[in-house]
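Trainee: sequence first, then the predicted structure:
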Amino acid sequence: MERLLITGIAGGQGRLVAKRLSDQFAVSGVDRAPWEGHPDYITVHTMDLRKKKFEDIFRRERPSAVVHLAFVRHFRADPMVRHEINVVGTKRLLECCAAYGVKRLVVLSSSYVYGALPESPYYMDEDTTLNVSRHYPDIRDLAEVDTLCSTFLWKYPEIATAILRPVPTLGYYVHSAIGAYLKLRWVPTIMGFNPMVQFIHEEDLAEAIGRTIELGLRGIFNVTGPGAVPLKVAIRETGGTAVPLLEPIARTAIDGLFRLGLYHLPPGALDFVKYPCTIDGRRFREATQFQPLFTLEEIFGSVRH
């Protein structure tokens, strides 16, 4: 069997992707965190992508396909550490892919790279400028990674590189910033704003990644779920109560709480509960015939409290 290497395999999404593709590939994984009790048919290396020994995995196992999920997406880590893991770690991975004959590469980016701005068009396509750094510098590293991988895509045409930009992911196993936000009992919103939001179930995203590897897709693709709803509907359907706040009060309070480590998101995230960041997934659907299986009700039910 061909060898598949998954970075970030110990996370919820990594485990689901490993399960999805284990019938077709001999699966190996790398993660800074251990995966206790992983299946015997999966080889797991507890390692940091930035370490020199990471290259030894490519030298020994010669994976023909790679799925890159090893990103720090939360804000508990020091910003410099987050940047190093996300950007420097990705650079090391891309260097190994080029040096050791990888044929297919999937990188999991995010729809957040487009940013949430008042002038953003509804349902942005893949040619939309990545604007997140303008008002949300805390996650500019994700846009930097996306740009690095886009350059790699054109520099190495012999490698089928696909950059997936999915809408926010919810589910039982994946821990995301939007999931933590929706799990609050009292959910802060900005008074006078109720943007449309999109979600995809973790199992559907694993399927999307699986199809991308199987088909050897090359290019940049938005990945969407079953539809869009107003933010306050999502809050209600996940069991929370929206608490509208005046924007200056909300930003000041969240900035203070974030600095003290008492809130999980920086104030820049408020733009995403003020303006829509909705994307068009037609290109991916046409390339793969992908249709999400989980409805919005099922998605909200997976995180309902």
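Mentor: Ah, there it is.

Trainee: pretty sure residue 140 contacts residue 132?
Mentor: Yes: judged on CB atoms under 8 Å, residue 140 makes contact with residue 132 at a distance of 6.7 Å. In this view, the C-beta of every residue, glycine as well, is placed from N, C-alpha and C.

Trainee: more neighbours, these two?
Mentor: Just comparing residue 140 and residue 132: by other CB atoms under 10 Å the higher neighbour count belongs to residue 132, 26 against 17.

Trainee: how far away is the closest residue to that one other than its chain neighbours from residue 295?
Mentor: Of all residues not flanking residue 132 in the chain, residue 115 sits nearest, at 3.9 Å (CB to CB, 6 or more residues apart in numbering). Residue 115 sits 28 Å away from residue 295 when distances are taken as CB to CB, to the nearest Å.

Trainee: who has more neighbours, those two?
Mentor: A count of neighbours by other CB under 10 Å puts residue 115 above the other of residue 115 and residue 295, at 24 against 13.

Trainee: residues contacting that one?
Mentor: Going by CB atoms under 8 Å, 6 or more residues apart in numbering, residue 115 touches 130, 131, 132, 133, 134, 135, 136, 271, 277.

Trainee: considering these, which possesses the most neighbours?
Mentor: residue 132 (26 neighbours).

Trainee: would you enumerate the residues in contact with that one?
Mentor: Residue 132 neighbours (CB under 8 Å, 6+ apart): 112, 113, 114, 115, 139, 140, 142, 143.

Trainee: after the lengthiest helix in the chain, next one along is what?
Mentor: Longest helix in the chain, counting residues (DSSP state H): helix 140-155. For helix 140-155, the following helix or strand on the C-terminal side (DSSP states H and E) is strand 160-166.

Trainee: in PDB, list the C-alpha atoms belonging to that following strand.
Mentor: Taking C-alpha atoms only, strand 160-166 is exported to PDB below (Å, rounded to 0.1, in the frame of the first residue of the first chain):
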ATOM      1  CA  ALA A 160      -0.700  17.600  -6.600                       C
ATOM      2  CA  THR A 161      -1.100  20.200  -3.900                       C
ATOM      3  CA  ALA A 162      -4.500  21.200  -2.700                       C
ATOM      4  CA  ILE A 163      -5.200  23.900  -0.200                       C
ATOM      5  CA  LEU A 164      -8.600  23.500   1.400                       C
ATOM      6  CA  ARG A 165     -10.300  26.500   3.100                       C
ATOM      7  CA  PRO A 166     -13.200  25.000   5.000                       C
END
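
Trainee: out of the contacts of residue 115, which sit inside helices?
Mentor: Checked against DSSP H, the contacts of residue 115 include these in helices: 132, 133, 134, 135.

Trainee: of these, closest to residue 164?
Mentor: When the ones in helices among the contacts of residue 115 are compared for distance to residue 164 (CB to CB), residue 132 wins out at 16.3 Å.

Trainee: and that closest one, how far from residue 147?
Mentor: Distance from residue 132 to residue 147, counting by CB to CB: 11 Å.

Trainee: which parts of the longest helix of the chain are buried?
Mentor: Within helix 140-155, the residues that count as buried by 16 or more other CB atoms under 10 Å are 140, 141, 142, 143, 144, 145, 146, 148, 149, 150, 152, 153.
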